[in-house]
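**Student:** Dropping the sequence and predicted coords here.
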Amino acid sequence: MTQEQPTLPILLTGGAGYIGSHTVVALHEAGFKPVILDNFANSHPAVLDRLERILGTRPVLEQGDVLDRPFVEAVLRRHRPAGVIHFAGDKAVGESVAQPLKYFHHNLGGAISLLQAMEAVYLGPQSPGAPTLVFSSSATVYGDPARVPITEDFPRSHTNPYGHTKLVIEDMLTAVKQAQPSWRVGILRYFNPVGSHASGLMGEDPAGIPNNLMPYVTQVAVGQRQQLSVFGSDYATPDGTGVRDYIHVMDLAEGHVAALRTLLERGESFTVNLGTGRGYSVLDVVRAFEQASGRKVPYQLVERRPGDVAQCYADPSLAKKLLGWEAKRSLQDMCVDAWRWQSANPKGYAG
Ligand code: WQD
């Protein structure tokens with residue numbers, strides 16, 4: 001009888017959010033024990049019910065704010081996670097321009113609180129092991145890239161406070177590792193996460209008017225919105241509309257499992273792009289979604305959105321090399337799964 005592989009606890013800050021909740025599923029399926037830390041500021045308590053239906057067991061929830069350092073430290077001491085995945089934070093680019101201090105406080109303050117709590121627990125007496133962290137970064141740290149596809153050595157810059165916070169947290173992690181080499185850190189630069197778990201029980205559920213393309217498209221298709229505004233049709237791209245690297249949220253979730261395994265098994269830190277390596281235009285997405293859903297998506301071509309770049313897509317070869325991970329799901333899969341979620345939940349979790 002082989003010794004049962006212990007189910008290692010993993011703490012997910014913001015684990016009830018869009019990407020966090022899908023990562024809970026991937027971690028559970030990989031034999032880990034996910035523990036969710038969330039204050040539901042950017043997520044819905046109903047996610048726990050949906051996760052219970054998908055997993056057959058209810059994930060552990062620690063309800064509270066990542067900014068509350070004593071709370072975070074108590075959670076770390078209680079669960080002694082083998083690793084931590086840091087999702088918690090605000091992520092709307094436009095809102096960050098209007099409310100920069102909210103973003104610096106929540107995103108930078110939350111990261112500092114978590115890192116200080118981890119330092120106290122993992123570098124102190126009765127440590128559960130080496131401090132091991134996966135950080136949710138973003139392709140937004142590349143600013144307006146000089147060319148595509150983008151590799152991890154491209155220069156970083158920021159065009160908005162949200163992207164600035166991601167860039168600063170990456171630099172904080174570099175400094176922490178230099179000060180204490182026992183830290184094991186995986187920085188994941190997401191491209192454009194879209195889609196939903198195949199069950200249709202979980203998905204993207206932005207508050208208010210969606211900033212991002214896919215949830216706006218699904219809300220038009222389900223009748224919540226009149227029509228899509230296509231921001232710009234005069235970019236230097238094949239059809240004039242913006243080109244992005246859309247990646248299925250379950251591929252992204254599985255990328256987090258691969259990142260965690262690499263840190264736990266090899267102990268070397270890394271920074272990688274999590275994208276498919278393929279760019280699709282706005283009109284490509286609209287056409288793919290109409291085919292997947294059988295619904296028309298009326299749209300109008302309007303002015304460019306300030307701050308948008310023409311093209312942004314990844315060279316994902318480093319993630320393949322270091323993590324043995326690559327995205328598997330197609331744009332069609334992303335659209336089919338996004339539609340299954342939205343058509344089954346026209347008003348999201350609140351509905
Ligand atoms: C995609 C394309 C728009 C909405 C942002 C953040 C990034 C990450 C993902 C957090 C662009 C066009 C969009 C609409 C449109 N978020 N569009 N009409 O801007 O690439 O990235 O979200 O990590 O950090 O910067 O994503 O989905 O907003 O836009 O025409 O109603 O769709 O112009 O070409 P973006 P997006």
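**Tutor:** Nice, I can see it. Keep in mind that this is a model prediction, so the values were computed, not measured.

**Student:** Report how many residues lie close to the residue nearest to I169 when sequence neighbours are not counted.
**Tutor:** In this structure, I169 finds its nearest non-sequential neighbour in A111, 4.7 Å apart by Cβ to Cβ, 6 or more residues apart in numbering. Quick note: C-beta positions are derived from backbone N, CA and C, even for glycine. Residues near A111, counting by other Cβ atoms under 10 Å, number 25.

**Student:** for A111, what are its contacts?
**Tutor:** Residues near A111 by Cβ atoms under 8 Å, 6 or more residues apart in numbering: 86, 89, 135, 169, 172.

**Student:** how about C312, what does it touch?
**Tutor:** With Cβ under 8 Å, 6+ apart, C312 has these contacts: 139, 142, 145, 148, 150, 191, 243-245, 279.

**Student:** which of these are close to the ligand?
**Tutor:** When contact is defined as Cβ under 6 Å from any ligand atom, these meet the ligand at R244.

**Student:** can you redo the contacts of C312 as TSV with neighbour count?
**Tutor:** Shown next, in TSV, are these (neighbours: other Cβ atoms under 10 Å):
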residue	neighbour count
A139	24
Y142	26
P145	18
V148	18
I150	23
F191	27
V243	22
R244	25
D245	26
G279	22
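
**Student:** Of the contacts of C312, just say which sits nearest to the ligand.
**Tutor:** Here the nearest of those to the ligand, counting by Cβ to the nearest ligand atom, is R244; it sits at 4.7 Å.

**Student:** Show me what the closest residue to the closest one other than its chain neighbours is bridged to.
**Tutor:** Leaving aside its sequence neighbours, R244 sits nearest to N192 (Cβ to Cβ, 6+ apart; 4.6 Å). N192 has the following beta-bridge partners by DSSP bridges: Y246.

**Student:** Contact partners for N192?
**Tutor:** 139, 212-213, 244-247, 275.

**Student:** Could you pick out the buried ones from the contacts of A111?
**Tutor:** Buried members of the contacts of A111, counted by 16 or more other Cβ atoms under 10 Å: 86, 89, 135, 169.

**Student:** Is the third one within a helix or a strand, and which one?
**Tutor:** Element membership for F135, per DSSP states H and E: strand 132-138.
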